[in-house]
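Engineer: only geometry, no sequence info:
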């Protein structure tokens, strides 16, 4: 048996007696059944499924899939299909109305991921629905209490969850994450919102954005796949951690806090967990049943100034100059310490920085990866002192635009906030934050190719044709006057709500009907869909060099 492979790809024997008799399948089913039975004894969630109540079950499927072009065939990146099958099998005993719903994220087409991992076979065997959320029209809501994501577009499949008519189950993989430290039960909701809305505030605001989404809907049941967890710089490939457990609960925030602690991290120091807790979404009286002992995970490192990056890419020069989000105030360019330089970088880790780091890690998961390239990456708008903008390396050494332009290497401005550095750079990753573009441009600037978009990726053609199918389906909805996403706008701002009366302002969410689509809006929406395919090309299939005029 190949445990990592089986945690990523549904065995071919599924649906036969041979599958049912496998020791791993028997053990996983028993573990899931036991955990859910014990929870049901205390919380009686099965009673909430009476009268064939509809259920929506969401896994976590990403772009690192089986045989996707890396040295190893499989990485424990997505929800183990054996675990997911065991959950569906359990729920099927209570209700027949089950829908499996997921969106893998731009530019990965979810239908291809369903087929590669075997989720389509699970759906067929159990007679469930199977929905790629990026292919569905959206409904708009306003969140009056939200701090960041005040306007939400949600696929219509989940509208019944919001209304309380459908029961929602989140089934994530236990793993670390560059953007949020860990990615577990309620962070899994990022895969429910449409492409362009995901990119909104995908920045230093990401933790508040994800916590805001809990005002709209939250899992009724969370089942964390911790059979084989993943440590490293997700969404890049991760290394396996064999935990051998299933973690379940009816409060996703508390389940995630327990799982975070089991991974060796303090949930009260994880900004995502803190944001959810201070909003009151946790339960201080939560009871833990069973053994919460875990295994320490290697943390994700959301920095280009760390020792590991220096070892692996010795000629990479990161220059930081963020001025927002509690960045240190610099008054003298010649007295900046290494600690201050790192703080200037860490002022924004939820967007372009983590995406660029992920892009390099995607590439680095090849033994043949060339690590001697020379590249300067400029982060932030620069600290302005006496009319000159300055960025700082990890030692605190200052660089002006003139200094950057004189560097004998490729130079990349990372994200819209670094637009001031464009005159000194020959690469620019536009957006705030277009994660796929940041991943791709950093690899283009380094002169390397991401393996997932190489011919060695056995799923490359289904992925590319699936992307085209995604675009055509979304454009069909738009032609019929249905919205499939928010307008494409990558800006560092919070999109406001109209003025509300005091009663409305106290509500968790309010349905906010979208207006009829004008001809101009329809043209813009149709045009924006091609950005999905452009992201695919940018993602590393063709190393296009992007030069900016000086």
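Structural biologist: Cool, the structure landed. None of these values were measured; they are calculated from a predicted model.
Engineer: doesn't residue 331 lie inside a strand?
Structural biologist: No - with DSSP: H, G, I helix; E, B strand; the rest coil as the criterion, residue 331 is located in coil rather than a strand.
Engineer: enumerate every residue touching it.
Structural biologist: By Cβ atoms under 8 Å, 6 or more residues apart in numbering, the residues touching residue 331 are residue 385. Quick note: C-beta positions are derived from backbone N, CA and C, even for glycine.
Engineer: the stretch 401-550 of the chain: strands as residue ranges?
Structural biologist: 410-414, 427-429, 510-511 (DSSP state E, counting those that start in this stretch).
Engineer: now do the end-to-end distance for stretch 313-321.
Structural biologist: Using Cα to Cα, to the nearest Å, one end of stretch 313-321 lies 21 Å from the other.
Engineer: all numbers from here: first residue = 27
Structural biologist: Understood, numbering begins at 27; the last thing we discussed is stretch 339-347.
Engineer: what mean pLDDT does that stretch get?
Structural biologist: Averaging pLDDT along stretch 339-347 gives 98.
Engineer: that stretch: how far from the chain's middle?
Structural biologist: 25 Å (Cα atoms, centre = their mean, to the nearest Å).
Engineer: give me the contact list for that stretch.
Structural biologist: Contacts for stretch 339-347 (Cβ under 8 Å, 6+ apart): 329-331, 335-336, 367-368, 370-371, 386, 397-409, 415-420, 425, 430, 433, 435, 444.
Engineer: do the same with stretch 510-527
Structural biologist: Contacts for stretch 510-527 (Cβ under 8 Å, 6+ apart): 160-164, 168, 170, 173-174, 176-177, 179, 220-223, 225-227, 229, 231, 350, 442-443, 456-460, 500, 503-504, 536, 547, 550-551, 554-555, 557.
Engineer: quick one: buried residues of it?
Structural biologist: Across stretch 510-527, burial judged by 16 or more other Cβ atoms under 10 Å covers 510-512, 514, 516, 518, 520, 523.
Engineer: for the stretch 377-526 of the chain, what spans make up the helices?
Structural biologist: 378-390, 427-431, 461-472, 486-505 (DSSP state H, counting those that start in this stretch).
Engineer: doesn't residue 497 make contact with residue 559?
Structural biologist: Yes - counting by Cβ atoms under 8 Å, residue 559 touches residue 497, with 6.0 Å between them.
Engineer: neighbour count winner among those two?
Structural biologist: residue 497 (19 against 15; other Cβ atoms under 10 Å).
Engineer: might you report the residue contacts of that one?
Structural biologist: Contacts of residue 497 by Cβ under 8 Å, 6+ apart are 555-556, 558-559.
Engineer: confidence score at it?
Structural biologist: With respect to pLDDT, residue 497 has a value of 95.
Engineer: ok so, going back, make a markdown table out of the contacts of residue 497 and add pLDDT and distance to residue 94.
Structural biologist: Shown next, in a markdown table, are the contacts of residue 497 (pLDDT from 0 to 100; distance: Cβ to Cβ, whole Å):
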| residue | pLDDT | distance to residue 94 |
| --- | --- | --- |
| 555 | 94 | 24 |
| 556 | 90 | 24 |
| 558 | 83 | 19 |
| 559 | 76 | 19 |
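Engineer: type out the PyMOL command that picks the buried ones from those.
Structural biologist: To isolate the buried members of the contacts of residue 497 in PyMOL, using 16+ other Cβ under 10 Å:
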select buried, resi 555+558
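Engineer: between the contacts of residue 497, which is closest to residue 193?
Structural biologist: Lowest distance from residue 193 to the contacts of residue 497 (Cβ to Cβ) belongs to residue 558, with 31.1 Å.
Engineer: any weak-confidence spans in this protein?
Structural biologist: Within the chain, the segments meeting pLDDT under 70 span 27-33, 561-576.
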